[in-house]
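A.B. asks: Build me a model from this:
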Amino acid sequence: IGREVVLKLVSQVARLQPSSLYRDGRHYGSGGGVVAALVSALSRANVRDVKSLQTLSSLARSVEPQTLNPRTISAILHGFAVLNYRDIGLVSHLSFILSKQSGEDIVTPQAASNIAWACAVHEIIDPPL
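C.D. replies: Numbering: from 1, shown residues only. Here you go, the predicted structure:
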């Protein structure tokens, strides 16, 4: 995916009404899943666009917590780390959500590795993680 395509996608998602993005899974998927997919697309295309990353950080903080599972949280944190974009507030928010996950949402070894690596890259010490 090219830089322009990824930036256009982020821009279009940012203009959607939150209720249409985050609550209507039939059209856009879960809010957390959409954010994770877009962050992953930016990192895979190696597009470090600060405005897009700020937008995605804001979106990640505003999605309904039940749409964020260990896999989406790890994808978001990993993508931000790959792009070397530090956002302590986002890490803290996602850490809190992850700490409240029930036993049915198991943290896989890959998700744990992605989260630990992202924290190490940004020198984040977060006891709940």
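
A.B. asks: where does stretch 43-52 sit relative to the chain's centre, distance-wise?
C.D. replies: Using CA atoms, centre = their mean, to the nearest Å, the mean C-alpha position of stretch 43-52 is found 13 Å from that of the whole chain.

A.B. asks: Could you shift the numbering so residue one becomes 62, and keep it that way?
C.D. replies: With 62 as the first residue, the last one maps to stretch 104-113.

A.B. asks: what comes up buried for that stretch?
C.D. replies: 104, 106, 108, 110, 113 (16 or more other CB atoms under 10 Å). Quick note: C-beta positions are derived from backbone N, CA and C, even for glycine.

A.B. asks: got CSV for those residues, with pLDDT and secondary structure too?
C.D. replies: Converted to CSV, the buried residues of stretch 104-113 look like this (pLDDT from 0 to 100; DSSP: H, G, I helix; E, B strand; the rest coil):
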residue, pLDDT, secondary structure
104, 91, helix
106, 85, coil
108, 86, coil
110, 87, coil
113, 87, helix
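
A.B. asks: Out of those, flag the one nearest to residue 161.
C.D. replies: residue 104 (26.0 Å; CB to CB).

A.B. asks: wait, doesn't the closest one sit right on residue 138?
C.D. replies: No - contact criterion CB atoms under 8 Å: residue 104 and residue 138 do not qualify, at 10.8 Å.

A.B. asks: Remind me which helix or strand residue 171 belongs to.
C.D. replies: helix 170-182 (DSSP states H and E).

A.B. asks: what does that helix rub up against?
C.D. replies: Contacts with helix 170-182, where a contact means CB atoms under 8 Å, 6 or more residues apart in numbering, come from 131-132, 134-136, 138-139, 141-142, 145, 152, 159, 168, 185-187, 190.

A.B. asks: let's see it at 6 Å
C.D. replies: With CB atoms under 6 Å, 6 or more residues apart in numbering as the test, helix 170-182 has contacts from 131, 132, 135, 138, 139, 142.

A.B. asks: Specify the local secondary structure of the last one.
C.D. replies: Following DSSP: H, G, I helix; E, B strand; the rest coil, we place residue 142 in the helix state.

A.B. asks: For it, give its distance to residue 172.
C.D. replies: With the distance defined as CB to CB, to the nearest Å, residue 142 ends up 14 Å from residue 172.
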